[in-house]
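>>> Below are the sequence and a predicted model for it; my questions follow.
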Amino acid sequence: MAQRREEILARVTSLCARPPFAFGISQSPFDFDLQPSGNIDQVCRLTIEAGEVIGGLNYCEDQIDNVTIWIARKLAANPHEAQRVLVADVTSLRSAVIRDGSTGGGDFHVPDGGGLSLDHAAGQEFAVARFTLPINYEVQV
């Protein structure tokens, strides 16, 4: 079934926002700068970038876009625990997106690849996990 890029992004965003994750969506899709500091824990933001077109027929093409998800966690008094929770968040969310694409009605595939980084900018009270998922889906041209 052919989909549009914004539908893929909306589907992954809804996975982040509903239980068991229940991540809040950031005030800005570009950074966490507008997010109130009292509301930064367990907040995410998502972007999608056009990727490789694999081929297609009948005004449809198979394409792989990269969905990047940033998750913020407050460090509080235990940065090691925040790091552990961020890694668990990424692992669980990646699995949920893969399952949704193949069996949950998302009608997409997550091939191997992507990447993960954890970052903490000096002076910020939160750390951020950033990971990228390649999403392979059929798009109408």
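That came through fine.
>>> list the contacts for the residue lying farthest from the centre of the chain?
Relative to the mean C-alpha coordinate of the chain, counting by C-alpha atoms, centre = their mean, the farthest residue is residue 58 (30.3 Å). By C-beta atoms under 8 Å, 6 or more residues apart in numbering, residue 58 lies in contact with nothing. Just so you know, the C-beta spots here come from the backbone N, C-alpha and C atoms, and that holds for glycine as well.
>>> does it count as helix, strand or coil?
Each residue gets one of three states, and residue 58 gets coil by DSSP: H, G, I helix; E, B strand; the rest coil.
>>> any idea how far it lies from residue 22?
40 Å (C-beta to C-beta, to the nearest Å).
>>> Find me the pLDDT at residue 30, would you?
Looking at residue 30, its pLDDT is 91.
>>> and the nearest residue to it once chain neighbours are set aside, how many neighbours?
Nearest non-adjacent residue to residue 30, counting by C-beta to C-beta, 6 or more residues apart in numbering: residue 45, 7.6 Å away. Using other C-beta atoms under 10 Å, the number of residues around residue 45 comes to 24.
>>> you'd agree residue 45 is up against residue 29?
Yes: taking contacts as C-beta atoms under 8 Å, residue 45 lies within contact range of residue 29: 5.5 Å.
>>> Can you give me the pLDDT of the residue nearest the centre of the chain?
Centroid-nearest residue in the chain: residue 69, 2.9 Å away (criterion: C-alpha atoms, centre = their mean). As predicted, residue 69 sits at a pLDDT of 97.
>>> Quick check: buried residues in the host helix or strand of it?
In this assignment (DSSP states H and E), residue 69 forms part of strand 60-74. Within strand 60-74, the residues that qualify as buried by neighbour count (16 or more other C-beta atoms under 10 Å) are 61, 63, 64, 65, 66, 67, 69, 70, 71, 72, 73, 74.
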